[in-house]
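Participant: What follows is a predicted protein model with its sequence.
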Amino acid sequence: MRTVLYNYQIVDADTCLNGTVVIDDKIITDVISADSFNYAQKIDLLSTGACMVLNGNGLCLTSGFVDMHAHFREPGFSQKETLESASLAAAAGGYTTVCCMANTKPPIDTMEAALALRTRACELELIDLYPVISITKKMQGNKLSEFLQSVEEQKQITYMPLLLSEDGRDIADKELYRRAMRIASVLNIPLSCHCDLDGEDAATQRVIDIAKNTNCRLHIAHVSTKKAAGIVRREKAGIKARGADGLSLTAEATPHHISLNDRLAKKLGAETNGKVAPPLRAGRDRTAIIEALKDGTIDVIATDHAPHTMFDKENGSPGFTGLETSFAVCNKVLAGENNFSLKQLLALMSANPARILGLNDRGKIAKGMRADITIIDLEKTWTVDSYNFKSRGKNTPYNGMMLTGKVLRTISDGKIVY
Ligand SMILES: [Zn+2]
């Protein structure tokens, strides 16, 4: 079926124009600027049988967001979140591609487990979910995961993850870490690192040092301190200066670390509702992370969506639910308060994560791309009320906050999912 989306402000990391997007089944087949759009084309577009036409009245149309870091909680913790509630939450937040972390019960450490989860997610026909596979077996830090072992033993690969990560904990065994990095580099898969051994700053430097000469594509998860951002900036500059260097480096930051600080964490309850890993930091850290997003040191906004039951949250489980507030929070902080252009913001939320994950068919609005589209009312002001979240996790620090910019509609793989 053909879908014609006309009268939109089409924006992505490279483009900003008023015009029309044409989808045929699951592919964007045309992007027409309003200037070149004539009556004959309109008749031609609409006369091809079954056709849905949506008038955007100038709303913003962009590429579906890509989240490199979320916790979907299945298997094992469906009281916190289910595959369905998380997928609905992602769609409501404008996300069409999500990588879900491996720290489930049991952890996702095999191809079979990852494939089973992906298959179930596909059956929901909501978003495109890529389970991350853990680096070590059962996430215990002492042996490579079955997946990495099967690569070493050259067994048949039945599921290729987009990302490897032990998110939730750091890996103490350097040699094991380095071996994992070498395998990841052979597979050309990025490896996302949760750095907190001896603190975030030391751990960030440590993991970059371990990765040197492995040819690994290293990705630093949730950078939250001024020092860690400085380390990433310096190491990236070093890599650039030396040319091909045996390492490539990217990094992400979360919406909560750029919008909230340690004083608010205290107010919410440092060991309860304000608790997150890494913790909310001082104001100067928050400013430094925004600066690092602006100068390209940090490449990606990732939600670290971490839903919990109220009971778990009040008993010290770290993390915030984040998929449904991500765009509006980033819009407020980055576009509203720090003069990021909409293009810059969308690069962080869509084009850059798609590029890092090697998904060349998404991340921008162009002919031939996958029909993953998010429609946003940039003017709409709304008040966060977690009661209305699709996510089971109501643990948001933003309850009651007024935000501007609301996702109105999400199209994933050509299908309206929100
Ligand atoms: Zn983490």
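Facilitator: Here it is on my side, so go on. Numbering: from 1, shown residues only.
Participant: The longest helix anywhere in the chain - contacts with which helices or strands?
Facilitator: In the chain, with assignment by DSSP state H, the single longest helix is helix 226-242. Other elements packing on helix 226-242 under the criterion 3 or more CB pairs under 8 Å, 6 or more residues apart in numbering; DSSP states H and E are helix 200-211, strand 247-253, helix 283-294. Where C-beta positions appear, they are placed from N, C-alpha and C, glycine not excepted.
Participant: what comes into contact with the second one?
Facilitator: With contacts defined as CB atoms under 8 Å, 6 or more residues apart in numbering, strand 247-253 is touched by 68-69, 190, 192, 208, 211-224, 229, 232, 235-236, 239, 289, 292-293, 297-302, 352-353, 356.
Participant: What remains of the residues you listed if I keep only buried residues?
Facilitator: 68-69, 190, 192, 208, 211-212, 214-224, 229, 232, 235-236, 239, 289, 292-293, 297-302, 352-353, 356 (16 or more other CB atoms under 10 Å).
Participant: what's near enough to touch residue 414?
Facilitator: With the criterion set at CB under 8 Å, 6+ apart, residue 414 makes contact with 3, 23, 25-27, 371.
Participant: For ChimeraX, what selects the buried ones among those?
Facilitator: Buried residues within the contacts of residue 414, by 16+ other CB under 10 Å, are selected in ChimeraX with:
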select :3,23,371
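Participant: Alongside the ion, which residues does the stretch 101-250 of the chain contribute?
Facilitator: Residues of the stretch 101-250 of the chain lying near the ion by CB under 5 Å from the ion: 167, 194.
Participant: so where do the helices sit in the stretch 101-250 of the chain?
Facilitator: When assigned using DSSP state H, counting those that start in this stretch, the helices of the stretch 101-250 of the chain occupy the ranges 111-124, 146-152, 174-187, 200-211, 226-242.
Participant: Tabulate those in TSV, adding columns for mean pLDDT and distance to residue 314.
Facilitator: Shown next, in TSV, are the helices of the stretch 101-250 of the chain (pLDDT from 0 to 100; distance: least, CB to CB, whole Å):
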stretch	mean pLDDT	distance to residue 314
helix 111-124	97	29
helix 146-152	94	36
helix 174-187	96	35
helix 200-211	97	26
helix 226-242	95	29
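Participant: could you dump the ones you listed to TSV with distance to residue 265?
Facilitator: What follows is these, written out as TSV (distance: least, CB to CB, whole Å):
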stretch	distance to residue 265
helix 111-124	32
helix 146-152	36
helix 174-187	30
helix 200-211	15
helix 226-242	17
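Participant: Tell me which of the helices and strands packed on helix 226-242 lies nearest to residue 110.
Facilitator: helix 200-211 (24.1 Å; CB to CB).
Participant: between the closest one and helix 174-187, how big is the angle?
Facilitator: Interaxial angle, helix 200-211 versus helix 174-187 (axes from the mean of the first three to the mean of the last three CA atoms, to 10 degrees): 60 degrees.
Participant: list the contacts for residue 301?
Facilitator: Contact analysis of residue 301 by CB under 8 Å, 6+ apart lists 252-255, 293, 326, 330, 348-349.
Participant: buried subset of the residues you listed?
Facilitator: Looking at those with 16+ other CB under 10 Å, the buried ones turn out to be 252-255, 293, 326, 330, 348-349.
Participant: Out of those, which two sit at the greatest distance?
Facilitator: Largest pairwise distance in these, by CB to CB, is 13.6 Å, between 293 and 326.
Participant: ok, which stretches of the stretch 51-200 of the chain are strands?
Facilitator: 51-55, 60-63, 65-70, 95-100, 128-131, 164-165, 191-193 (DSSP state E, counting those that start in this stretch).
Participant: From what I see, residue 353 and residue 363 are in contact.
Facilitator: Yes. Residue 353 lies in contact with residue 363 (CB atoms under 8 Å); the separation is 7.4 Å.
Participant: I'd like the distance between the closest residue to residue 214 other than its chain neighbours and residue 213.
Facilitator: Spatial nearest neighbour of residue 214, excluding adjacent residues (CB to CB, 6 or more residues apart in numbering): residue 181 at 4.1 Å. As judged by CB to CB, to the nearest Å, residue 181 and residue 213 stand 10 Å apart.
Participant: you'd agree residue 409 is in a strand?
Facilitator: Yes. Looking at residue 409 with DSSP: H, G, I helix; E, B strand; the rest coil, it is inside a strand.
Participant: Tell me the bridge partners for it.
Facilitator: Assessed by DSSP bridges, residue 409 has beta-bridge partners residue 375.
Participant: So it sits against residue 415, correct?
Facilitator: No. In this structure, residue 409 is not within contact of residue 415 by CB under 8 Å, at 11.5 Å.
Participant: neighbour count winner among these two?
Facilitator: Using other CB atoms under 10 Å, the more surrounded residue of residue 409 and residue 415 is residue 409, with 19 against 15.
Participant: In contact with that one: list those residues for me.
Facilitator: Residue 409 touches 374-375, 416, 418, counting by CB under 8 Å, 6+ apart.
Participant: same question, residue 65
Facilitator: Residues near residue 65 by CB under 8 Å, 6+ apart: 93-97, 326-327, 349-350, 374.
Participant: Most neighbours among those residues, which one is it?
Facilitator: Counting neighbours by other CB under 10 Å, residue 95 leads those with 33 neighbours.
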